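Novice: need the 3D shape of this:
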Amino acid sequence: MVLLESILIKLGTTMPDFSLNDPHGKNYKGNDLFGERGLLVVFTCNHCPYAIAVWPRVIALAKYAKAMKINTVAINPNINPAYPDDAPDKMIEKITELGIDFPYLVDESQATARSFKAQCTPDIYLFNKDKTLAYHGRIDDNWQDESKVTRQELKEALNNMATGQPLDPIQRPSMGCSIKWNS
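Specialist: Now for the predicted structure:
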């Protein structure tokens, strides 16, 4: 496991378009996933301890965002034979186990992760209704222990975006396991 941080991406960057399938084979197009106010995109997986630790928060924030007309999509770029826990059949198990009620998509070619410049799992992007990047950072200030969180940066970004308030320009990177790039 190699710990990485997400890289700085200029706010206002247009979301790369993508077309990916869920583990059942249903196709989703990125631009069709937007809610009225935006889209939360989370690059994640099943095996990374950082991703595992924050999955419940991602699911709770997705429900919270949905109420504010912001949709969520999770994308798994770790389709790599060396990491069988991230295979599509294991994604189906994770969807059932956690009750994930938003698309969890397979990025088998890793082209989508590359187009977003994703580095780690989780790597989190919030796009506004104009499909431009409004937030790229961590969920909160304590990935290990939710009870010790003192600042929920992603929730603040969701609130500000939904109410038309400016987002904090200081965005701390997400961190997690490196994406398992295929050669």
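Novice: quick one, strands of this protein?
Specialist: Using DSSP state E, the strands assigned to the chain run over residues 3-5, 19-21, 27-29, 38-43, 70-76, 104-106, 120-121, 123-128, 133-136, 175-178.
Novice: give me every residue that touches Thr121.
Specialist: Thr121 sits next to 43-45, 48, 50-51, 77-78, 176-177, 179 when contact means CB atoms under 8 Å, 6 or more residues apart in numbering. (Each C-beta comes from the backbone N, C-alpha and C, glycine too.)
Novice: correction: the previous question concerned Cys48.
Specialist: With CB under 8 Å, 6+ apart as the criterion, the residues that contact Cys48 are 1, 78, 121, 176-177.
Novice: ranking by neighbours, what's the top pick from these?
Specialist: Of all the contacts of Cys48, Thr121 has the most neighbours under the rule other CB atoms under 10 Å, reaching 32 neighbours.
Novice: how close does that residue get to Ile170?
Specialist: The gap separating Thr121 from Ile170 is 23 Å, by CB to CB, to the nearest Å.
Novice: for the chain, what's the longest helix?
Specialist: Criterion DSSP state H: the longest helix present in the chain is helix 49-67.
Novice: got the angle for it vs strand 38-43?
Specialist: 170 degrees (axes from the mean of the first three to the mean of the last three CA atoms, to 10 degrees).
Novice: before we move on, the earlier item: need the strands of the chain in a markdown table with distance to Ala87, can you?
Specialist: Output for the strands of the chain, formatted as a markdown table (distance: least, CB to CB, whole Å):
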| stretch | distance to Ala87 |
| --- | --- |
| strand 3-5 | 22 |
| strand 19-21 | 14 |
| strand 27-29 | 19 |
| strand 38-43 | 17 |
| strand 70-76 | 9 |
| strand 104-106 | 9 |
| strand 120-121 | 15 |
| strand 123-128 | 20 |
| strand 133-136 | 28 |
| strand 175-178 | 16 |
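Novice: for the ones you listed, which one ends up most surrounded?
Specialist: Across those, averaging neighbours per residue (mean count of other CB atoms under 10 Å) puts strand 120-121 on top, at a mean of 28.
Novice: neighbouring strands for it, and are they parallel or not?
Specialist: The strands that strand 120-121 pairs with in its sheet are strand 175-178 (antiparallel) (by DSSP bridges).
Novice: can you list contacts of the strand it pairs with?
Specialist: 1-6, 45, 47-51, 119-123, 138, 143.
Novice: contacts for the longest helix of the chain, please.
Specialist: The set of residues that contact helix 49-67 without belonging to it, under CB under 8 Å, 6+ apart, is 1, 3, 35, 40, 42, 44-46, 71-72, 74, 94, 98-102, 120-122, 139-140, 143-144, 146, 154-155, 158, 175-177.
Novice: repeat that with 6 Å
Specialist: 40, 42, 44-45, 72, 98, 102, 121-122, 139, 143, 158, 176-177 (CB atoms under 6 Å, 6 or more residues apart in numbering).
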